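**Q** fold the following, please.
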Amino acid sequence: MNDKISFDLSIKNAVAVSFIAGILLGIVVGGAGALTLQKSPQTMESTSTDNPSPSPTTGDTQQDSKDGGNTVSVADLTWEDDPVLGSEDAEVTLVWFSDLNCMYCRRFAQNTFPQIRENYVSQGDVRVVKKDFITMGENSVTLAKASQAAWQLVGEDNPEVFWTWSDTISENQPERKRNSKNVTEDIISTTQEVDGIDAEQLREKMKEISEEEINQDIQEGKQRGISGTPGFLIFRTGSDEAKQMTGAQPYSSFESEINKLLEN
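**A** Model prediction:
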């Protein structure tokens, strides 16, 4: 009799243990599924961060490597007062819309522009025109004024000094911290490192630059689909149409487009 009772209890205990084990297993499996679902958006977000979208976003319209690919009119595009690098007789013109406070402009200036300059500009094949395009508020405006002031000071007599100055300002972005409250003093301090341009003269010249002059560049860009920086228009000199390129693209992208125009 006692043996039978013990046997029955053992069966009941086994069933109870199995039932509880089943519940626990369900909780574990259910919990793991929820954790996987939570991780998926984080993985997608990380991918997005590694490959920044070229679409403009509120307060930050810099752009990474994407090709706009649109054909736009440049029939009435002017650059008499803008910085120019290269021969007037160059077969190809590259118009570069830039914000000296933009990290992607810095990337283009450091990684791609030197190769374009060496392989095409110095050979007389490409002329580069630089226009201001504001993307990051008041500091960007101040830097654009400094750029125009620097060109007015040295562009006519020694344009190479301007391009050295522009490269130096761009390289100093991290030190300037991009959102500096003393951006003018940062500009003056950096200018003192560049031979051929007087920092105090630059300070005074900056006061003469109006925002209307900067807005003209911005409007010329917007009319042709430029929405962030860096943005480019590339065309055969004298043509009424240009290809729009967007973002800090690798040298190979520009090489391909320039060669197409030179071959035609």
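
**Q** which SS state does the residue nearest the centre of the chain fall under?
**A** What sits nearest the mean C-alpha location of the chain, by CA atoms, centre = their mean, is residue 104, with 2.7 Å. Using DSSP: H, G, I helix; E, B strand; the rest coil, the structure places residue 104 in helix.

**Q** mean confidence (pLDDT) on stretch 193-200, please.
**A** For stretch 193-200, mean pLDDT is 97.

**Q** give me the buried positions along that stretch.
**A** Buried residues in stretch 193-200, defined by neighbour count with 16 or more other CB atoms under 10 Å: 194, 197. In short, each C-beta sits where N, CA and C put it, glycine included.

**Q** right, and the helix or strand after the least confident helix or strand in the chain by mean pLDDT?
**A** None of the helices or strands of the chain scores lower by mean pLDDT, DSSP states H and E than helix 2-50, at a mean of 35. Sequence order places strand 71-73 as the next helix or strand after helix 2-50, per DSSP states H and E.

**Q** can you list the neighbours in contact with that next one?
**A** Residues from elsewhere that reach strand 71-73, judged by CB atoms under 8 Å, 6 or more residues apart in numbering: 224, 225, 233, 240, 241, 242, 243, 244.

**Q** for that strand, the distance to its chain's centre please.
**A** Its chain's C-alpha centre and that of strand 71-73 lie 22 Å apart, by CA atoms, centre = their mean, to the nearest Å.

**Q** repeat that for stretch 168-184.
**A** 16 Å.

**Q** next: stretch 89-109.
**A** Chain-centre distance of stretch 89-109: 10 Å, with CA atoms, centre = their mean.

**Q** what residues of that stretch count as buried?
**A** 90-109.

**Q** just to revisit the earlier point, ok, the residue nearest to the centre of the chain touching residue 246?
**A** No: assessed by CB atoms under 8 Å, residue 104 is found out of contact with residue 246, at 10.1 Å.
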